[in-house]
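Asker: Fold the following, please.
(one chain, ligands or ions: 1)
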Amino acid sequence: MLSDRYGNAVSTKSQAALDRFNDALELVRLYRGDPIAALDAAIAEDGAFVNAWAVRAGVLAQQTDKLYADEVERSLRAGAAAAEHANERERGLLAAALDFHEGRYHDGVVRYARIAHEHPRDVFAVQSAHVGCFFVGRQQDLRDGPLQALRAFKRGEDGYGVLLGMAAFGFEECGDYTRAEAYGREAVEIDGRDGWAVHAVAHVHEMRGDVDRGIPWLRDSAGVWAPESAFAYHNWWHLALLHLDRGEIAEVLRLYDEKVRPAPSDVMLEWVDAAALLWRLRLEGVDVATRFAPLAESMARAAEDGVYAFNDLHCVMAFIGAGREGDVARTLEAMRKTARIGDGDNAEMTRAVGLPLAEAFVAFEAGRFGECVEKIAAVRGIAQRFGGSHAQRDILTLTALHAAIRGGMEATAEALAAERLTHKPTSPWAASFAAKVAAMRGTRVAA
Ligand SMILES: [Fe+2]
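Answerer: Sure thing, here's the model as predicted:
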């Protein structure tokens, strides 16, 4: 019986198919190149290679985009048709991908995690659970899944480094920045192309507001992690955030134009980052309407998808930024419908977090700053339930802070600014908020 690069038994009898599959596994774990093409090459050698179909379905289902629904279904059908020749692990991978595809994100995470318990050397299962945890805010699982799998690896074995990188991100999301940085740096030393590990350390710098270490960390290593990375836009986004923290607007715009969204794309996760960066710039008073316009044009196709509330909120930001009131209304209506009659995890995410936030952002745009602050405050502490990272969800705090300042809510503004400066003591942006709020207070006292 043949085994994949990590030692997991696979059902194919074709060495050629397995070789292509092993290539794909490396691309998947590094978010590089075109893993679907590599999987298709494996499938071309053996059309009944269930593990390859299951990974194909899983990777596409993790894009949180309806665009890939047909291809996910085709992969699941082909995998199911050959499932009698598959082993239990491979059949489990198919079932987990189906869970994700049908919006049962938590079930999918649990299923991938169960596979990883039995087969800790199935790095794809560990990674898929990890990605799923990210989408639904299971922060401790994000950390503990890769830690559990590390028991099956010796230092330096194939796959060991990417598990370190995943654990690093999990530590970071759980607030353990010291271990996050140590694990992330070790992973990057093993393979500098590991953009996820690079990213975990970038998050540490972001959370600490340590722009002086964060900028060189990303900028000076980009020549290694960026080429051929399907994830590069997100690390560039992080670099842009750090420059934004310093108030270096021209550099932020350059990074947006050249790296985050250099050309119209059809990548949902890239749209999300683009919208989030432009929204932050807009909050700071930078005119980015001409950049929002083409982004919103792309995102219009996803306005009523009802796939993932986190994406929906970013659609709302882009539509507001581009002045597309009809699309804002269309998205809100679709979210309300999902919240009212939808089922599955996204309905719950929409009800509990996505919809109140979308309404808060609309209120901000309408100048109803009190309503904006109130709605964000109501869900900010549980907002991990609709996924994203602390750094991504910082947009909630920033929007509330700007609303509080613009709405003259001095106590709220002061509280949020103080909180930020405590978390990020060396952040110029945090200091500038604190100064703004002090000036507000000073003005009132003087008056
Ligand atoms: Fe990130």
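
Asker: domain assignment for the protein?
Answerer: Following automatic domain parsing, the chain resolves into domains at 1-137, 164-263, 266-407.

Asker: right, and these - which one's nearest residue 143?
Answerer: The minimum distance between residue 143 and the domains of the chain falls on domain 164-263, with 2.7 Å, by C-beta to C-beta. All C-beta atoms are positioned from the backbone trio N, CA, C, and that covers glycine.

Asker: Surely residue 233 is in contact with residue 258?
Answerer: No: using C-beta atoms under 8 Å, residue 233 is not in contact with residue 258, being 10.8 Å away.

Asker: List the residue ranges of this protein that fall below the pLDDT cut-off.
Answerer: By pLDDT under 70, the low-scoring segments of the chain are 443-447.

Asker: where's the spatially most central residue of it relative to residue 203, distance?
Answerer: Nearest to the geometric centre of the chain sits residue 388, at 5.0 Å (C-alpha atoms, centre = their mean). Look at residue 388 and residue 203: by C-beta to C-beta, to the nearest Å, they are 12 Å apart.

Asker: What's the local residue count around residue 290?
Answerer: 8 (other C-beta atoms under 10 Å).

Asker: So which elements touch the helix or strand hosting it?
Answerer: Residue 290 is part of helix 289-299 when elements are defined by DSSP states H and E. Counting contacts by 3 or more C-beta pairs under 8 Å, 6 or more residues apart in numbering; DSSP states H and E, helix 289-299 packs against helix 268-283, helix 309-321.

Asker: and after whichever strand or helix holds residue 180, which helix or strand comes next?
Answerer: Assigned by DSSP H and E, residue 180 belongs to helix 177-190. Using DSSP H and E, the helix or strand that follows helix 177-190 in sequence is helix 195-208.

Asker: what residues are up against the closest residue in space to residue 337 that isn't next to it in sequence?
Answerer: Distances taken as C-beta to C-beta, 6 or more residues apart in numbering place residue 306 nearest to residue 337, at 7.6 Å, with adjacent residues excluded. Residues near residue 306 by C-beta atoms under 8 Å, 6 or more residues apart in numbering: 312, 334-335, 337-338, 342, 346, 350.

Asker: I'd like those residues as CSV, with neighbour count appended.
Answerer: Formatted as CSV, these follow (neighbours: other C-beta atoms under 10 Å):
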residue, neighbour count
312, 27
334, 19
335, 29
337, 14
338, 25
342, 19
346, 28
350, 28
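
Asker: Show only the entries of these found in helices.
Answerer: Residues from those lying in helices, with DSSP state H as the criterion: 312, 334-335, 337-338, 346.

Asker: Please convert the domains of the chain to JSON lines, extending it with distance to residue 153.
Answerer: Shown next, in JSON lines, are these (distance: least, C-beta to C-beta, whole Å):
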{"stretch": "domain 1-137", "distance to residue 153": "7"}
{"stretch": "domain 164-263", "distance to residue 153": "9"}
{"stretch": "domain 266-407", "distance to residue 153": "25"}
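
Asker: I'd like to know which of those domains is closest to residue 432.
Answerer: Nearest to residue 432 among the domains of the chain is domain 164-263; the distance by C-beta to C-beta comes to 7.2 Å.

Asker: That closest one spans what distance, first to last residue?
Answerer: 33 Å (C-alpha to C-alpha, to the nearest Å).
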